[in-house]
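A.B. asks: Got a sequence here, can you model it:
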Amino acid sequence: MFIKNIKIEKFKGFSDKVEIPDMTDKSLLVYGENGSGKSSLYEALKLAMYYSRMDSKAIEGAINPSEAATRRDNWLRNLAYTQILPFTVEINNTPYDTLNTSNVDCFMLSYKDCHRFPYDNDGNLSLKALLDNLYFPDFPADFATESYDVIIKEVNDVLKDEFYIDIELTVDGSMDYNLIIEDKHSGLKQGTNLDHYFNEAKLTIISLLIRLSAIELLGDDRHDKLLVLDDVISSMDMANRTFFAHYILKHFPKYQKIILTHNASYYNLFRSAITINERDKWLEHSLIIVGDSINIVDSYILKSSYANRLKSDYTRGRISAIDVANKIRQCLEAQIHELALWLNLESVDQSGRIINNLLSSTKKVYLKVENRKILLSEDLNNELHNILNDSTKTDTAKVADSISKFNEYDCKNELLKLIPTIKEVRLYEKLILHQLSHGHTGLPSFSPREVNKCLDLLVCLSNSLADISKNIYEA
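C.D. replies: Okay, the predicted model is just below:
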């Protein structure tokens with residue numbers, strides 16, 4: 001059972017209905033800044049895939065059916081938006097508590113899992129402990145005994161050949177298979193209190209690879225396989241994030257994968273890896289906040305073809321003015337998110353400020369697109385530093401080169417082309433779209449010509465962004 005669609009409503013951070021339709025067994029990459037519902041989506045998937053296990057834990061210790069029902073109600077109420085039942089979590093049009101997961105092996109790892117190092121009282125970190133209390137299918141009773149050597153060898157090979165980290169793992173002779181880590185470069189070899197000797201980033205990579213190597217050995221070959229990862233890369237540097245993206249694509253080709261992240265640069269990195277390796281096997285979505293609601297939107301709404309289809313539907317009377325206004329506003333929010341992602345910003349508010357600066361006659365925004373990368377002010381600062389510290393140049397040459405460099409970053413050939421369109425969008429969003437999408441009464445009437453103007457602006461903005469994006473992602 002691969003996931004074909006997801007529907008969530010009144011669950012945790014989701015006040016209104018959100019849907020991911022038509023997945024058709026494809027993998028899913030989701031970006032959402034903090035507070036946009038990413039963790040709520042992860043929890044919804046966990047509830048659907050592991051409802052029986054979670055239910056048993058919630059009612060554990062109840063002395064009679066009445067107490068069990070009360071505990072279950074309290075548990076579910078804590079998952080509901082504003083703690084008011086009922087809520088909706090459906091996978092493949094089936095509610096979470098009746099979903100048949102017997103033919104799927106779902107493996108889920110979150111940020112908390114990867115940063116959990118369960119040392120015992122003696123400071124040992126065992127293979128068994130690392131594989132305990134995870135949302136994985138049940139382990140065979142003798143899994144650690146029969147598989148520890150395969151897992152350790154796989155992790156050592158990956159660390160050396162795919163992450164280029166000169167570390168080797170072994171285990172002691174105990175039945176818990178306590179880990180020993182040796183840094184080949186420094187000669188440090190340690191088996192207790194590993195966090196005192198090795199940095200968090202390395203330990204996180206090791207713990208993550210151990211769990212992922214176990215996943216490759218687990219499960220029934222007759223079952224579909226699902227891998228869900230929520231922000232597991234947070235403590236990695238950019239090089240290791242790159243290695244990890246390629247590792248996931250290489251080692252789990254037959255898995256339906258759902259990758260959730262709040263990190264804009266990692267979303268961009270993984271997006272590029274998908275484009276190069278398996279473009280047709282993935283969907284890309286963003287969680288965005290429109291008004292007081294969280295929406296999840298497919299990246300296809302960024303395309304001018306979507307805007308043109310929306311315009312056609314409105315012209316032919318297939319969609320009302322109010323509905324088209326809501327969709328236009330959603331599209332515009334998605335465009336702002338896309339801009340934030342290009343700029344590797346962790347908050348859409350930052351891109352909003354950049355747009356305000358672009359529209360200002362007194363403020364400057366410095367960036368340029370080069371070799372499918374966005375270079376920002378910090379890159380300009382580095383280049384200016386190199387110019388000013390070049391001992392082979394005269395002061396006159398340094399000044400001239402610095403002015404030239406400022407001009408390169410002055411957005412003349414990129415974002416400035418959006419300013420006329422953005423100004424009009426802002427005006428019509430305030431005068432027309434806000435009134436329509438909020439259903440205000442007693443306000444001035446609008447004409448179809450004004451809505452068509454908004455649609456034309458959306459098409460224009462989509463086309464402009466598409467032109468710029470060709471310099472960042474492959475067309």
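
A.B. asks: Mind checking the pLDDT average for stretch 296-304?
C.D. replies: With pLDDT averaged residue by residue, stretch 296-304 scores 66.

A.B. asks: Next secondary structure after the host helix or strand of Leu380?
C.D. replies: Element membership for Leu380 (DSSP states H and E) is helix 377-388. Sequence order places helix 395-408 as the next helix or strand after helix 377-388, per DSSP H and E.

A.B. asks: now that following helix and helix 377-388, what's the angle there?
C.D. replies: Computed with axes from the mean of the first three to the mean of the last three C-alpha atoms, to 10 degrees, the direction of helix 395-408 lies at 160 degrees from that of helix 377-388.

A.B. asks: Which elements pack onto the helix or strand hosting Lys202?
C.D. replies: If you go by DSSP H and E, Lys202 is part of helix 200-217. Under the contact definition 3 or more C-beta pairs under 8 Å, 6 or more residues apart in numbering; DSSP states H and E, helix 200-217 sits against strand 104-110, helix 111-114, helix 127-130, helix 143-161, strand 167-171, helix 238-251. C-beta: built from backbone N, CA, C; applies to glycine.

A.B. asks: Return the most buried member of the ones you listed.
C.D. replies: Compared across the helices and strands packed on helix 200-217, strand 104-110 shows the largest average neighbour count, a mean of 21 (mean count of other C-beta atoms under 10 Å).

A.B. asks: got the angle for that strand vs helix 200-217?
C.D. replies: Between strand 104-110 and helix 200-217, the angle comes out at 180 degrees (the same axes, to 10 degrees).

A.B. asks: which other helices and strands contact strand 104-110?
C.D. replies: helix 38-49, helix 200-217, strand 224-230.

A.B. asks: Report the distance from that strand to the chain centre.
C.D. replies: Distance of strand 104-110 from its chain centroid, counting by C-alpha atoms, centre = their mean, to the nearest Å, is 16 Å.

A.B. asks: Direction-wise, compare that strand with strand 224-230 and give the angle.
C.D. replies: Taking the same axes, to 10 degrees, strand 104-110 and strand 224-230 form an angle of 10 degrees between their directions.

A.B. asks: contacting residues around strand 104-110?
C.D. replies: 1-2, 42, 45-46, 49-50, 134-137, 208, 211-212, 215, 218-220, 223-232 (C-beta atoms under 8 Å, 6 or more residues apart in numbering).

A.B. asks: And the buried ones among these, selectable in ChimeraX?
C.D. replies: This is how ChimeraX selects the buried members of the contacts of strand 104-110, with burial counted by 16 or more other C-beta atoms under 10 Å:
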select :1,2,42,45,46,49,50,134,135,136,137,208,211,212,215,218,219,224,225,226,227,228,229,230,231,232
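
A.B. asks: Where does the prediction get shaky in the stretch 51-200 of the chain?
C.D. replies: Within the stretch 51-200 of the chain, no range satisfies pLDDT under 70.

A.B. asks: what's the helix holding Lys202 in contact with?
C.D. replies: 107, 109, 113-117, 127, 130-131, 134, 136, 143, 147, 150-151, 154-155, 158-159, 163, 165, 167, 169, 179, 181, 194-195, 227, 232, 235-237, 240, 244, 247, 251-252.

A.B. asks: re the thing from before, can you redo the helices and strands packed on helix 200-217 as TSV with distance to Ser265?
C.D. replies: As requested, these are exported to TSV (distance: least, C-beta to C-beta, whole Å):
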stretch	distance to Ser265
strand 104-110	20
helix 111-114	16
helix 127-130	28
helix 143-161	23
strand 167-171	25
helix 238-251	7
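
A.B. asks: and His185, which of those is closest to it?
C.D. replies: Comparison of those against His185 by C-beta to C-beta identifies strand 167-171 as nearest, at 8.5 Å.

A.B. asks: orientation of the closest one relative to helix 200-217 in degrees?
C.D. replies: Using the same axes, to 10 degrees: strand 167-171 against helix 200-217 is 60 degrees.

A.B. asks: which strands and helices sit next to strand 167-171?
C.D. replies: Strand 167-171 packs on helix 143-161, strand 179-183, helix 200-217, going by 3+ C-beta pairs under 8 Å, 6+ apart.

A.B. asks: As a markdown table, those with distance to Gly317 would be great.
C.D. replies: Listed next are the helices and strands packed on strand 167-171 as a markdown table, based on distance: least, C-beta to C-beta, whole Å:
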| stretch | distance to Gly317 |
| --- | --- |
| helix 143-161 | 57 |
| strand 179-183 | 66 |
| helix 200-217 | 51 |
